[in-house]
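J.: Structure for the following, please:
(one chain, ligands or ions: 1)
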Amino acid sequence: MARRNILTKEQPTLYKKCRPVTEFNSRLHQLLDDMKDTLALENGVGLAAPQVGVLRRAVIVLETNVPEGEEEYMIELVNPEIIETSGEQYGAEGCLSVPEEYGMVRRPMHVKVRAQDRNGETFEVEGDGLTARCFCHEIDHLEGIIFTSRCERMLSREELEAGSIEEE
Ligand code: NI
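T.: All right, here's what the predicted structure looks like:
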């Protein structure tokens with residue numbers, strides 16, 4: 001397991017736009033593997049390359065909508081683009097780069113993404129609920145956008161203690 005250091009919101013790297021991945025080589029595979037290890041160790045639901053200091057368009061999203069008894073799994077998205085959205089959800093969001101702060105963000109309920117895999121093959125994937133939220137949150141990171149700039153309001157400590165919140 002290789003954990004990479006996660007940048008926090010004070011660091012300017014997180015506000016920069018990321019460049020596309022053009023080489024699907026062992027360096028990219030190492031980055032994706034390290035991001036997955038880091039996400040698992042941090043118990044998060046999503047991680048974007050700029051959060052580990054790499055300004056390239058790659059993210060990991062944990063698919064949590066799995067049938068009972070099946071394992072959650074991580075989706076690798078290279079050069080992802082949102083190609084369809086529908087519905088709306090309004091809920092609490094957090095970020096591994098913004099520890100212990102949560103806020104209410106409006107996102108689509110369903111999101112379809114087109115991306116490349118680690119070998120450069122194009123594919124499409126759909127997500128609902130938390131997964132849809134996570135696709136949007138992580139792809140925002142690639143544009144240098146942190147969820148706090150999309151928050152309608154931050155949550156108080158009492159509200160945080162009242163409910164369970166996932167980190168992205
Ligand atoms: Ni985040």
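
J.: for this structure, what are the low-confidence residue spans?
T.: 163-168 (pLDDT under 70).

J.: so Tyr90 touches Met104, yeah?
T.: Yes: using Cβ atoms under 8 Å, Tyr90 makes contact with Met104 at a distance of 6.3 Å. (C-beta placed from N, C-alpha, C; glycine too.)

J.: Give me the common contacts of the two.
T.: The contact sets of Tyr90 and Met104 overlap at Glu152 (Cβ atoms under 8 Å, 6 or more residues apart in numbering).

J.: Tell me which of the two has more neighbours.
T.: More neighbours surround Met104 than the other of Tyr90 and Met104, with 15 against 10 (other Cβ atoms under 10 Å).

J.: Excluding sequence neighbours, find me the nearest residue to that one.
T.: Leaving aside its sequence neighbours, Met104 sits nearest to Glu152 (Cβ to Cβ, 6 or more residues apart in numbering; 5.0 Å).

J.: Next, count neighbours for that neighbour.
T.: Residues lying near Glu152 (other Cβ under 10 Å) number 9.

J.: swap in Ile146?
T.: By other Cβ under 10 Å, neighbour count at Ile146 equals 17.

J.: Roughly how far does it sit from the ion?
T.: Separation of Ile146 from the ion (Cβ to the ion, to the nearest Å): 7 Å.

J.: again, but for Thr13
T.: According to Cβ to the ion, Thr13 and the ion sit 13 Å apart.

J.: how about that residue, what does it touch?
T.: Contact analysis of Thr13 by Cβ under 8 Å, 6+ apart lists 7, 50, 53, 55.

J.: Can you name the residues that contact Lys112?
T.: 82-85, 124-126.

J.: mind listing the strands in this protein by residue range?
T.: With DSSP state E as the criterion, the chain has strands at 46-48, 58-63, 73-86, 89-93, 103-107, 110-116, 122-128, 153-154.

J.: now these in CSV, with distance to the ion?
T.: Below are the strands of the chain laid out as CSV (distance: least, Cβ to the ion, whole Å):
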stretch, distance to the ion
strand 46-48, 6
strand 58-63, 9
strand 73-86, 14
strand 89-93, 8
strand 103-107, 11
strand 110-116, 16
strand 122-128, 16
strand 153-154, 15
